[in-house]
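>>> Next one to model:
(one chain, ligands or ions: 2)
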Amino acid sequence: MTVNEIDLGVTCDMHVHVREGAMCELVTPTIREGGVSVAYIMPNLQPPVTTLDRVIKYKETLQKLSPKTTFLMSFYLSKQLTPELINEAAKLGAVHGVKCYPAGVTTNSAAGVDPNDFTGFYPIFKAMEANNLILNLHGEKPSVSNDSGVDGKEDIHVLNAESKFLPALAKLHQDFPNLKIVLEHCTTAEAIQTIENINKDIKDPSEIRVAATITAHHLHLIIDDWAGNPINFCKPVAKLPSDRRALVNAAVSGKPYFFFGSDSAPHPLENKSKHMGISAGVFSQQYAIDYVAEVFDEHNALDKLKDFVSTFGLNFYDIKEKDLVSNEKVKLIRKQHVVPESITDGKGITMAPFMAGQTLNWSTEWN
Ligand code: NCD
Ligand code: ZN
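Numbers count the residues shown, from 1 in each chain. Ligands and ions are numbered 1, 2, ... in the order given. As a prediction, this is how the structure comes out:
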């Protein structure tokens with residue numbers, strides 16, 4: 001029997017970049033257009049979001065731009081955070097977590113941390129653990145070319161940066177066994193295996209402390225798709241076909257420690273076409289659920305889609321009905337549509353959406 005409609009309930013995208021200013025006005029409404037009810041907002045603005053006042057104002061701005069979207073907010077891990085601030089922010093429900101960017105690995109990460117030594121942040125992690133806040137990790141080691149080779153260390157580059165980070169993830173979990181950690185936008189078979197190993201004895205989803213998000217674009221892309229195409233260039237970069245297979249298998253597995261975070265990261269088209277360095281980030285917000293549905297359909301796993309884009313993320317973040325600003329639900333419907341070649345606000349910003357010009361077979365509706 002052909003299925004033409006699937007109830008997805010309250011959907012969540014647990015990794016969203018909406019920026020500020022004109023770009024924010026353009027992309028924030030696309031969260032809802034893309035079939036997403038709950039969005040966890042990234043703090044890598046310039047300067048980064050590190051104060052209570054700023055995060056509260058940012059949320060107010062977003063809420064005005066999209067009144068029916070539930071926004072979950074985050075702080076940017078930096079020296080400016082204190083355990084007192086964490087306690088206060090948690091008490092007010094102002095943030096759900098703290099995002100950790102290793103310095104220099106991606107867009108707006110210059111103010112980030114040294115992933116070779118997290119101990120300076122242990123008082124922050126302790127306060128987060130006590131308050132049930134989530135630590136969101138951009139899991140990449142910064143690139144180094146160890147040309148001298150004297151200390152025997154290996155080179156780090158975009159293809160192995162995530163694998164090289166995994167021991168740091170394991171150590172954080174060991175040192176803070178009750179801290180909820182998300183390895184964001186994971187891209188390798190090795191990362192999937194690490195998350196599975198950490199969770200091998202889990203009996204109930206409430207016991208999960210370490211989870212991973214998977215993006216829509218990493219379910220579609222491999223290295224060949226971004227080498228030569230800046231629109232598909234993002235951090236972490238898409239890896240090998242075997243890695244993509246591992247990500248797809250994890251997403252459709254029904255395992256509650258893998259859930260959706262689009263990492264939709266908008267950049268103006270001109271920043272994707274400069275001849276001196278291009279911006280990292282794929283814009284996928286406007287058709288977020290559709291892109292994921294396409295892959296689940298190809299793998300005869302549409303019955304697992306609701307878990308991936310709704311149940312598992314909401315459970316891990318402990319989001320209840322009372323936390324939602326709207327009780328409308330999302331429905332996936334079979335409906336072909338072509339992704340536009342570009343998206344513009346008519347006032348100077350133009351962007352190329354993920355899979356521009358390609359046909360998708362699923363769309364979303366609200367009810
Ligand atoms: C993100 C951005 O543009 O803010 N870019 C990206 O390639 N994913 C930052 C990030 O999440 O790494
Ligand atoms: Zn991101």
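
>>> Near ligand 1, which residues of the stretch 1-150 of the chain are found?
His17, Asn44, Thr106, Thr107, Asn108, His138 (CB under 6 Å from any ligand atom). Quick note: C-beta positions are derived from backbone N, CA and C, even for glycine.

>>> Count the neighbours of the fourth one for me.
Residues near Thr107, counting by other CB atoms under 10 Å, number 18.

>>> for the residue nearest to it when sequence neighbours are not counted, what are its contacts?
Nearest non-adjacent residue to Thr107, counting by CB to CB, 6 or more residues apart in numbering: Ala280, 5.3 Å away. Counting by CB atoms under 8 Å, 6 or more residues apart in numbering, Ala280 touches Thr106, Thr107, Phe233, Cys234, Lys235, Ala265.

>>> Give the buried residues for stretch 77-87.
Leu77, Ser78, Leu81, Leu85, Ile86 (16 or more other CB atoms under 10 Å).

>>> what kind of secondary structure is the residue positioned nearest the centre of the chain in?
Among the residues of the chain, the one closest to the centroid is His15, at 3.0 Å (CA atoms, centre = their mean). Secondary structure, DSSP: H, G, I helix; E, B strand; the rest coil: His15 is strand.

>>> residues from the stretch 151-300 of the chain in reach of ligand 1?
Counting by CB under 6 Å from any ligand atom, the residues of the stretch 151-300 of the chain close to ligand 1 are Cys234, Lys235, Asp263, Ala265, Ala280, Gly281.

>>> For those residues, which two are the farthest from each other?
By the measure CB to CB, Asp263 and Ala280 form the most distant pair in those, at 10.2 Å.

>>> residues in contact with Ser284?
Contacts of Ser284 (CB under 8 Å, 6+ apart): Gly34, Thr215, Ala216, His217, Ser262, Asp263, Ser264, Tyr291, Pro353, Phe354.

>>> Now for Asp263 and Ala280: what residues contact both?
By CB under 8 Å, 6+ apart, the residues touching both Asp263 and Ala280 are Cys234.

>>> For Ser145, see how far away Phe125 is.
Per CB to CB, to the nearest Å, Phe125 is found 31 Å from Ser145.

>>> Of those two, give the one with the bigger neighbour count.
Neighbours per residue, other CB under 10 Å: of Phe125 and Ser145, the larger number sits with Phe125, 23 against 8.

>>> Kindly provide the whole-number mean pLDDT of the helix or strand hosting the more buried one.
Assigned by DSSP states H and E, Phe125 belongs to helix 122-131. For helix 122-131, mean pLDDT is 98.

>>> What residues of it count as buried?
Those would be Ile124, Phe125, Ala127, Met128, Glu129, for helix 122-131 by 16+ other CB under 10 Å.

>>> ChimeraX command for the buried members of the residues of the stretch 151-300 of the chain next to ligand 1?
To isolate the buried subset of those in ChimeraX, counting by 16+ other CB under 10 Å, use the following:
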select :234,235,263,265,280,281
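
>>> List just the nearest of the residues of the stretch 151-300 of the chain next to ligand 1 to Ser342.
Checking those against Ser342 by CB to CB gives Gly281 as the nearest, at 15.7 Å.

>>> ok, back up a step: closest to Arg54 out of the residues of the stretch 151-300 of the chain next to ligand 1?
Distances from Arg54 to these, taken as CB to CB, are shortest for Ala265 (20.0 Å).

>>> Setting the sequence-adjacent residues aside, check what's closest to Lys331.
The shortest distance from Lys331 to any non-neighbouring residue, by CB to CB, 6+ apart, is to Glu365 (4.9 Å).

>>> Show me what the helix or strand encompassing the one you found is packed up against.
Using DSSP H and E, Glu365 sits in strand 359-366. Here strand 359-366 touches helix 288-298, strand 330-338, going by 3 or more CB pairs under 8 Å, 6 or more residues apart in numbering; DSSP states H and E.
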